[in-house]
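A.B. asks: What follows is a predicted protein model with its sequence.
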Amino acid sequence: MTEQNEPQAERKLTILEQVICAAPIALVAVGGALGGLCGGLAWAANQKIMRSSQSAGVRYGLAALTFVGAVALYFAMVTAIALAFPDLFAR
(Lines give C-alpha, C1' and ligand atoms only; values in the text may rest on other atoms or scores of the structure.)
Protein backbone atom coordinates (compact mmCIF):
# COMPACT_ATOMS: atom_id res chain seq x y z
CA MET A 1 0.00 0.00 0.00
CA THR A 2 1.43 3.40 -0.95
CA GLU A 3 1.13 6.53 1.06
CA GLN A 4 -0.55 9.56 -0.44
CA ASN A 5 2.33 11.83 0.59
CA GLU A 6 4.89 10.03 -1.56
CA PRO A 7 6.23 12.24 -4.35
CA GLN A 8 5.30 11.05 -7.81
CA ALA A 9 8.04 10.73 -10.40
CA GLU A 10 7.90 13.58 -12.89
CA ARG A 11 7.50 12.50 -16.45
CA LYS A 12 10.47 12.93 -18.77
CA LEU A 13 10.03 15.70 -21.32
CA THR A 14 10.44 14.99 -25.02
CA ILE A 15 13.14 16.78 -27.02
CA LEU A 16 10.53 19.12 -28.52
CA GLU A 17 9.17 19.97 -25.07
CA GLN A 18 12.68 20.66 -23.81
CA VAL A 19 13.36 22.99 -26.75
CA ILE A 20 10.07 24.82 -26.15
CA CYS A 21 10.91 25.19 -22.45
CA ALA A 22 14.41 26.50 -23.15
CA ALA A 23 13.45 28.95 -25.94
CA PRO A 24 13.10 31.94 -23.56
CA ILE A 25 16.74 31.56 -22.54
CA ALA A 26 17.56 33.05 -25.96
CA LEU A 27 16.82 36.39 -24.29
CA VAL A 28 20.37 36.18 -22.91
CA ALA A 29 21.70 36.93 -26.41
CA VAL A 30 19.59 40.07 -26.63
CA GLY A 31 19.41 41.23 -23.06
CA GLY A 32 22.43 39.92 -21.18
CA ALA A 33 21.83 39.41 -17.47
CA LEU A 34 18.33 40.90 -17.50
CA GLY A 35 17.41 38.75 -20.49
CA GLY A 36 18.84 35.73 -18.71
CA LEU A 37 16.80 36.48 -15.60
CA CYS A 38 13.57 36.82 -17.58
CA GLY A 39 14.40 33.78 -19.73
CA GLY A 40 15.32 31.68 -16.72
CA LEU A 41 12.07 32.51 -14.97
CA ALA A 42 10.12 31.63 -18.11
CA TRP A 43 12.10 28.38 -18.49
CA ALA A 44 11.18 27.35 -14.94
CA ALA A 45 7.52 28.17 -15.56
CA ASN A 46 7.57 26.25 -18.85
CA GLN A 47 9.00 23.19 -17.09
CA LYS A 48 5.97 23.14 -14.79
CA ILE A 49 3.59 23.80 -17.67
CA MET A 50 5.01 21.01 -19.83
CA ARG A 51 4.82 18.50 -16.98
CA SER A 52 1.18 19.33 -16.26
CA SER A 53 -1.64 17.00 -17.22
CA GLN A 54 -3.30 19.47 -19.58
CA SER A 55 -3.70 18.74 -23.27
CA ALA A 56 -0.75 19.30 -25.60
CA GLY A 57 -2.38 22.30 -27.28
CA VAL A 58 -2.96 24.03 -23.96
CA ARG A 59 0.58 23.29 -22.78
CA TYR A 60 2.19 24.66 -25.96
CA GLY A 61 -0.09 27.69 -25.94
CA LEU A 62 0.76 28.48 -22.33
CA ALA A 63 4.46 28.02 -23.06
CA ALA A 64 4.20 30.49 -25.95
CA LEU A 65 2.40 32.99 -23.70
CA THR A 66 5.11 32.52 -21.08
CA PHE A 67 7.74 33.36 -23.71
CA VAL A 68 5.83 36.49 -24.75
CA GLY A 69 5.49 37.40 -21.07
CA ALA A 70 9.24 37.02 -20.57
CA VAL A 71 9.92 39.36 -23.49
CA ALA A 72 7.40 41.87 -22.13
CA LEU A 73 8.96 41.65 -18.66
CA TYR A 74 12.40 42.25 -20.17
CA PHE A 75 11.26 45.38 -21.99
CA ALA A 76 9.43 46.62 -18.88
CA MET A 77 12.59 46.18 -16.81
CA VAL A 78 14.75 47.99 -19.40
CA THR A 79 12.22 50.81 -19.59
CA ALA A 80 12.14 51.12 -15.79
CA ILE A 81 15.94 51.24 -15.63
CA ALA A 82 16.07 53.81 -18.46
CA LEU A 83 13.58 56.02 -16.63
CA ALA A 84 15.31 55.62 -13.27
CA PHE A 85 18.81 56.19 -14.64
CA PRO A 86 18.54 58.32 -17.81
CA ASP A 87 22.28 59.09 -17.82
CA LEU A 88 23.07 55.42 -18.53
CA PHE A 89 21.39 55.70 -21.92
CA ALA A 90 22.59 59.18 -22.91
CA ARG A 91 24.90 59.39 -25.90
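C.D. replies: Nice, I can see it. Note that this is a predicted model, so its numbers are computed, not measured.

A.B. asks: low-confidence ranges in the chain?
C.D. replies: 1-9 (pLDDT under 70).

A.B. asks: Which parts of it are helices?
C.D. replies: For the chain, the helices defined by DSSP state H cover 15-22, 27-50, 56-84.

A.B. asks: Quick check: which of these is buried the most?
C.D. replies: When the helices of the chain are scored by mean count of other CB atoms under 10 Å, the highest mean neighbour count falls to helix 27-50 (a mean of 18). Yep, even glycine has a C-beta here, placed from its N, CA and C like the rest.

A.B. asks: still on that earlier bit, so which of the helices of the chain gets nearest residue 91?
C.D. replies: Closest to residue 91 of the helices of the chain, according to CB to CB: helix 56-84, at 12.9 Å.

A.B. asks: Quick one: list the elements packing against that closest one.
C.D. replies: Contacting helix 56-84 under the criterion 3 or more CB pairs under 8 Å, 6 or more residues apart in numbering; DSSP states H and E are the following elements: helix 15-22, helix 27-50.

A.B. asks: Could you export the helices of the chain to CSV, including columns for distance to residue 90?
C.D. replies: Converted to CSV, these look like this (distance: least, CB to CB, whole Å):
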stretch, distance to residue 90
helix 15-22, 36
helix 27-50, 19
helix 56-84, 10
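
A.B. asks: Over to stretch 20-27 now: how far is its first residue from its last?
C.D. replies: Criterion CA to CA, to the nearest Å; first-to-last residue distance in stretch 20-27 is 14 Å.

A.B. asks: centre of the chain versus that stretch, how much separation?
C.D. replies: 7 Å (CA atoms, centre = their mean, to the nearest Å).

A.B. asks: what's the closest of the helices and strands packed on helix 56-84 to residue 72?
C.D. replies: Checking these against residue 72 by CB to CB gives helix 27-50 as the closest, at 8.9 Å.

A.B. asks: Show me the residue at the heart of this structure, geometrically.
C.D. replies: residue 42 (1.0 Å; CA atoms, centre = their mean).

A.B. asks: give the contact list for it.
C.D. replies: By CB atoms under 8 Å, 6 or more residues apart in numbering, the contact set of residue 42 is 24, 27, 66, 67, 69, 70.
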